[in-house]
Every structure is written in structure tokens, then in C-alpha cells.
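*Asks:* what's the 3D shape of this:
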Amino acid sequence: MDDEFTVEGDTASLTARIRTSLDGARLQINQIESGIRAHAGSDFLFRVLGIPLGSSQLPVGIDIRLTSVGDDTLVSATAYDRLGWYFNKKLFWGEEVVDRKLTELLNIVRSAADQPMLPEGKSTFNP
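*Replies:* Just a heads-up that it's a prediction; the model follows:
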């Protein structure tokens, strides 16, 4: 699931705000060359224990690229599941859970950038 928007202001302060928001959501954060990578959950634990872990432990991630464009910052974010390979990736408890979790990640970034929230929608989740 992809999202892109432009924000007034410098890249460094926006990066700091986004990192603070992701940290508040208890995501594991890594600085990468083009921006920020964050993830939550464990594919291994989710495979072993399954849905009893709850959707908060669903293995998901987000890559955020921040690019200076004049006095503004272009934010490009890609949220994805980290479920790994399955023989049949169709989830019996519904892809809506994955969609909701990915939208939640993108909205964390939007909130930090003072942008309107995305409605819950269909992601690029491919069973």
C-alpha cells in the first residue's frame, strides 16, 4: 500500500517527528539511506501461534522516503505485510485485518506530518 504527499518545511524536522510517532507506536525503527524503515511483529511467531497473538502482532513494515523539493519535503511511504511465503496466502480471518494494519501505519506517518488521515481501503495485499 503506497502513499505520497508533499509537506511544507525541512526534511530533518519532519524526519524527527515521524521517528517520534513511529517510536510511540512501538515499532522497531531503522534509519536507511533514503529515509526510515520500521517494522512490527514476527513472521515466525505469527506462523507458530497464529491469530491468537492478535492483530497487533501481525508482521508488517513500512518504508518512508523523504526528499527535499525546494522548501518542501516529498514523503513517499510504502506499507507492506511481512508474512513471508505461504503455499496459500489466503487468510481465513480476512485480508481486512492486513488492510487495516497497513492503513494504520500510513496514518501514523500522515499524523506526524499534519496530513489528513487515509480511509481504510484495499491494499496491494496479494494472496
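
*Asks:* strand partners of the one helix or strand F5 maps to, parallel vs antiparallel please.
*Replies:* Per DSSP states H and E: F5 is located in strand 2-8. Strand 2-8 has its sheet partners listed here by DSSP bridges as strand 72-81 (antiparallel).

*Asks:* tell me which residues in the partner strand are buried?
*Replies:* Taking 16 or more other C-beta atoms under 10 Å as the neighbour-count basis, strand 72-81 is seen to contain the buried residues T73, V75, S76, A77, T78, A79, Y80, D81. From N, CA and C alone the C-beta is placed, and that goes for glycine too.

*Asks:* kindly list the longest helix within this protein.
*Replies:* Longest helix of the chain, by residue count under DSSP state H: helix 95-112.

*Asks:* what pLDDT, on average, does that helix get?
*Replies:* The pLDDT scores in helix 95-112 average 91.

*Asks:* next one: stretch 25-32
*Replies:* Stretch 25-32 comes out at a mean pLDDT of 92.

*Asks:* surely E8 meets L74?
*Replies:* No. At 11.4 Å, E8 does not count as touching L74 under the criterion of C-beta atoms under 8 Å.
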